[in-house]
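In: With the sequence up front, the predicted model follows.
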Amino acid sequence: MNYLHWLDYVVMAALMVVSLGIGIFFAVYKGGQRTKEEYLLGNRQMSMIPVCLSMFITYQSAIALLGGPADVFNTGTMYLFLGGGVALSYIVGLFTAVPLLYPLKITSVNEYLQLRFDSKFVRLFATSVCIFRTISLKESR
């Protein structure tokens, strides 16, 4: 049975310490986040590269990083088309959703639905549908 080498533990500990250090630095020295715009959008002052990297990391999971190569090995390169579809969806969203949502100073499509239909019920219904979809996708795997 293979065990982790001591260097593996050092690398994992270093990653945790660096991540924790960044969080403490921004919480203590930068005052933390007080509003949802500061938390979700960097107070609308971040450049494109950190936002793109954040989106990429958010949608990548450890399972995808570990399971992706295994899936390509088992089923062939058809799995790579998924990356093309995701990239295409980002491009479509860039030219359709961003010009609509950014000037309104809102942070989600569900907020837009509440503004558009002047109904909190529509927003809650859309949120419920998203939650149900996420749970059903997790259960189907």
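Out: Arrived safely, thanks for sending. Quantities reported herein were computed from a predicted structural model and do not represent experimental measurements.
In: use CA for all of it now, contacts and neighbours both
Out: Fine.
In: what are the ranges of the helices in the chain?
Out: Remark: helices assigned in the chain by DSSP state H are 6-28, 36-41, 48-59, 62-75, 80-101, 109-117, 120-140.
In: winner for burial among those helices?
Out: Greatest average neighbour count among the helices of the chain goes to helix 109-117 (a mean of 16), per mean count of other CA atoms under 10 Å.
In: quick one: that one to helix 80-101, angle?
Out: In terms of direction (axes from the mean of the first three to the mean of the last three CA atoms, to 10 degrees), helix 109-117 departs from helix 80-101 by 40 degrees.
In: And helix 109-117, how far out from the chain middle?
Out: When C-alpha coordinates are averaged (CA atoms, centre = their mean, to the nearest Å), helix 109-117 and its chain have centres 21 Å apart.
In: Mind listing residues that contact that helix?
Out: Residues from elsewhere that reach helix 109-117, judged by CA atoms under 8 Å, 6 or more residues apart in numbering: 101, 106, 119-124, 126-127.
In: rerun at 10 Å
Out: Here helix 109-117 makes contact (CA atoms under 10 Å, 6 or more residues apart in numbering) with 97, 100-101, 104-106, 118-127, 130.
In: Kindly format the C-alpha coordinates of that helix as PDB.
Out: Provided in PDB are the C-alpha atoms of helix 109-117 (Å, rounded to 0.1, in the frame of the first residue of the first chain):
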ATOM      1  CA  VAL A 109     -29.800  36.500 -12.800                       C
ATOM      2  CA  ASN A 110     -32.300  35.800 -10.000                       C
ATOM      3  CA  GLU A 111     -32.100  39.400  -8.900                       C
ATOM      4  CA  TYR A 112     -32.800  40.400 -12.500                       C
ATOM      5  CA  LEU A 113     -35.900  38.300 -12.600                       C
ATOM      6  CA  GLN A 114     -37.100  40.000  -9.400                       C
ATOM      7  CA  LEU A 115     -36.500  43.400 -11.000                       C
ATOM      8  CA  ARG A 116     -38.000  42.400 -14.400                       C
ATOM      9  CA  PHE A 117     -41.200  40.900 -13.100                       C
END
